[in-house]
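below is the structure, and that's it, no one-letter string:
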C-alpha cells in the first residue's frame with residue numbers, strides 16, 4: 001500500500017512540476033503522520049495554514065529531507 005502511494009505521489013509531483021515554471025518546482029513531497037488541523041494548531045478556524053507553527057515543528061528535520069534523494073519523504 002505504501003509503495004502504491006509513493007508511486008502515485010511521485011507521479012503527481014512530476015505532473016505538478018511539468019505545469020509550473022522552473023523556479024516554482026517542488027523538490028519533494030513530505031508525508032506526515034499527523035494531519036494539519038484546527039485542534040493541532042496548524043490551521044486557523046477559517047482553515048488557513050499557520051505557517052510559523054508548521055515550520056517550527058519541522059525545522060529540525062528539514063535539512064535531512066533535503067539531504068535525501070527521495071522525491072517522497074515519509075516523516
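Yep, it's here. Values in this document were obtained by computation on a predicted structure and should not be read as measured data.

what strand or helix carries the residue nearest to the spatial centre of the chain?
The structure's the chain has its C-alpha centroid closest to residue 30; by CA atoms, centre = their mean the separation is 3.4 Å. If you go by DSSP states H and E, residue 30 is part of strand 29-31.

work out the gap between the following helix or strand past that strand and the centre of the chain.
Where DSSP H and E defines the elements, the next helix or strand beyond strand 29-31 is helix 51-67. Centre-to-centre, helix 51-67 and its host chain are 10 Å apart (CA atoms, centre = their mean, to the nearest Å).

next: stretch 66-75.
Chain-centre distance of stretch 66-75: 10 Å, with CA atoms, centre = their mean.

list the contacts of that stretch.
Residues outside stretch 66-75 that contact it (CB atoms under 8 Å, 6 or more residues apart in numbering): 2, 6, 9-10, 13, 27-33, 58, 61, 65. In short, each C-beta sits where N, CA and C put it, glycine included.

now swap in stretch 52-62 and tell me
30, 32, 36, 41, 42, 75.

repeat that for 10 Å
With contacts defined as CB atoms under 10 Å, 6 or more residues apart in numbering, stretch 52-62 is touched by 30, 32, 34, 36, 40-44, 50, 65, 73, 75.

ok, back up a step: need the three-state assignment for the closest residue to the residue nearest to the centre of the chain other than its chain neighbours.
Distances taken as CB to CB, 6 or more residues apart in numbering place residue 73 nearest to residue 30, at 4.7 Å, with adjacent residues excluded. The three-state assignment at residue 73 reads strand, by DSSP: H, G, I helix; E, B strand; the rest coil.
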